[in-house]
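[1] fold the following.
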Amino acid sequence: MNINNSEDIQNKVILSPNPVSDILHIQYNNNRKLTSVRIFNTTGKEVFINAPYSEDCIDVSAITAGVYFLQTTIGNSTSYSRFIKQ
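    Take a look at the predicted model:
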């Protein structure tokens, strides 16, 4: 997994609650829409993809407990945020 953080959206994505058990809420401070959301485990395996993205939350109840990385994309800008699944 290649992590290229963009100044455009880095630190503007807020995940709550964190840790999460079922529904992960995604908030972002940007006038543009998120175009895709993907979740990777710590080995880089993709465990969830949602593109095109149109929701403000993700049901992660089916994902096993552990640490994950949420990839958010707006246009050509990509950012990663870490969250813990209980």
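[2] quick one: the strands in the chain, in order.
    In the chain, the strands defined using DSSP state E lie at 13-16, 23-28, 36-41, 46-50, 57-59, 66-74, 77-85.
[3] report the distance from the last one to the chain centre.
    By that I understand strand 77-85. Offset of strand 77-85 from its chain centre (Cα atoms, centre = their mean, to the nearest Å): 5 Å.
[4] what's that strand packed up against?
    strand 13-16, strand 66-74 (3 or more Cβ pairs under 8 Å, 6 or more residues apart in numbering; DSSP states H and E). (Each C-beta comes from the backbone N, C-alpha and C, glycine too.)
[5] show me what counts as buried in it.
    For strand 77-85, a neighbour-count test (16 or more other Cβ atoms under 10 Å) marks 77-81, 83, 85 as buried.
[6] tell me what angle it forms with strand 23-28.
    150 degrees (axes from the mean of the first three to the mean of the last three Cα atoms, to 10 degrees).
[7] between strand 77-85 and strand 36-41, what angle do the directions make?
    Counting by the same axes, to 10 degrees, strand 77-85 lies at 50 degrees to strand 36-41.
[8] center of the protein - which residue?
    Residue closest to the average C-alpha location in the chain (Cα atoms, centre = their mean): Leu70, at 2.7 Å.
[9] on that earlier part again, now the strands of the chain as TSV including mean pLDDT?
    Shown next, in TSV, are the strands of the chain (pLDDT from 0 to 100):
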stretch	mean pLDDT
strand 13-16	89
strand 23-28	88
strand 36-41	93
strand 46-50	89
strand 57-59	88
strand 66-74	92
strand 77-85	93
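[10] re the thing from before, what bridges to the residue nearest to the centre of the chain?
    With DSSP bridges applied, Leu70 shows beta-bridge pairing to Ile39, Ser81.
[11] so of the helices and strands packed on strand 77-85, which one's packed in deepest?
    Compared across those, strand 66-74 shows the largest average neighbour count, a mean of 18 (mean count of other Cβ atoms under 10 Å).
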